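> Predicted structure and sequence below. I'll ask about it afterward.
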Amino acid sequence: MGQDIRELINKALSGDRYSIAKVITLIEYEPYKFKEFFSSYVKEVSSIIIGITGPPGVGKSTLINCLIRELRSQGRSVAVLAIDPSSPISGGALLGDRVRVRCVDEGVFFRSLSTPPNEEMPWKIYLIIDFLSMLNFDYIIIEQPGAGQINTKVSNITDVLIVILQPLLGDDIQMLKAGLTELGDIYVLNKADLPQAELYYTLVKPIIQELKRDDWIPPLVKVSSISCRGIKELVDAIDRFIMYSRSKGLLSKKKLIRKVFEVSDIVLSNLEGVVREVIKEELSSVNKEELTKKPVLALYEEVLGKVLQRICRCLT
Ligand code: GDP
């Protein structure tokens, strides 16, 4: 690790915002440069990691702005990672939207991470979370859009998963029943100010109660993020879930699950990159005639052989 990176990290660890942002960018693009740092800095991750997911437009960013304000008013610090380039949280701050900027102070850090279209969550985020946790943020919020099937990756790395719903009727109820949202620890019915909200709440509540796990019945909290109504109740629900998790030993269990998941995901992600490259190279070296004549399975075996050869060579 170079002297310049060491200095940058030290500045970031002392709380300098610009250096924090710079370290995160470096981790995103050159994660291996931080291998020594992460090995030498032995510290239990003590931040509570909260995942917030739901379909685009459900109000995640608006809700997170309220959540930040509430957590700050209770003296708790919070870092937000938005895995969504279109997220208006940091965009709002940049644009100078007063409502959004008002809640930005020294106890808050925002960052949105760009995601390649075919990758639901870049693995570097695991290192970024560890880094933010070293900065002693009480909470690290991961905002992740999840249309249809809720992203399972985010549920593997968070201590609390909050699923945001909005009052829509009709097919939506059927989708919920099909078990699309069963990973949530807490459910939020956002846009509770809309006229159809009460009816939706009545219909959805029993479905969510059926998602009981051990002694935990996931609550459905009514929130109106445009006025931040119901946010205090949401923070209470988060606290209750954390207390429950602690009492059952789930929090430490989750940290272990997270480690196992992250290592597997990093290996798989890197392997997939190499494998794709070799497949492309091998197939582009086959001439057109051969490609036309040879059956798929024969080509598959040849290419697989080359892939394995290349991997074995890398390992020796
Ligand atoms: P995201 O894509 O999930 O991050 O959703 P946004 O936070 O960008 O919100 C999408 C739209 O829903 C915006 O026009 C918000 O103003 C609106 N919205 C968010 N929360 C509420 C709410 O509680 N009530 C109403 N009526 N609209 C809301």
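Arrived safely, thanks for sending.
> Next, the buried residues of stretch 161-169.
Residues 161-168 are the ones in stretch 161-169 that count as buried (16 or more other C-beta atoms under 10 Å). For glycine as for every other residue, the C-beta is placed from the backbone atoms N, C-alpha and C.
> now the helix ranked longest in the chain, how far from the chain's geometric center?
In the chain, taking DSSP state H as the definition, the longest helix is helix 250-285. Here helix 250-285 is found 17 Å from its chain centre; the criterion is C-alpha atoms, centre = their mean, to the nearest Å.
> Which of the buried residues of stretch 161-169 fall within strands?
With strands taken from DSSP state E, the overlap with the buried residues of stretch 161-169 comprises 161-165.
> out of the residues you listed, which one sits closest to the ligand?
residue 164 (6.9 Å; C-beta to the nearest ligand atom).
> OK, contacts around residue 185?
160-162, 216, 218, 241 (C-beta atoms under 8 Å, 6 or more residues apart in numbering).
> out of these, which touch the ligand?
Here nothing survives when the contacts of residue 185 are matched to the ligand using C-beta under 6 Å from any ligand atom.
> Would you mind measuring from residue 159 to residue 192?
Going from residue 159 to residue 192 by C-beta to C-beta, to the nearest Å gives 25 Å.
> now do residue 73
21 Å.
> which of the two has more neighbours?
Ranked by neighbour count (other C-beta atoms under 10 Å), residue 73 and residue 192 place residue 192 first, with 20 against 12.
> Confirm for me that that one is in contact with residue 224.
Yes: counting by C-beta atoms under 8 Å, residue 224 is a contact partner of residue 192 at 4.7 Å.
> Mutual contacts of those two, please.
In contact with both residue 192 and residue 224: residue 230, using C-beta under 8 Å, 6+ apart.
> contacts for stretch 302-311?
So stretch 302-311 is contacted by 271, 274-275, 278-279, 282-283 (C-beta under 8 Å, 6+ apart).
> Name the SS class of residue 27, please.
Assigned with DSSP: H, G, I helix; E, B strand; the rest coil, residue 27 falls in the helix class.
> Tell me the pLDDT of it.
Looking at residue 27, its pLDDT reads 92.
> Domain map for this structure?
Following automatic domain parsing, one finds the domains of the chain at 1-40, 43-248, 258-315.
> Deepest in the core, which of those domains is it.
The highest mean neighbour count among the domains of the chain, using mean count of other C-beta atoms under 10 Å, belongs to domain 43-248: a mean of 18.
> which stretches of the chain have low pLDDT?
Scanning the chain for pLDDT under 70 picks out the ranges 1, 42-45, 84-104, 116-120, 147-151, 169-181, 315-316.
> Fine by me, we can end here.
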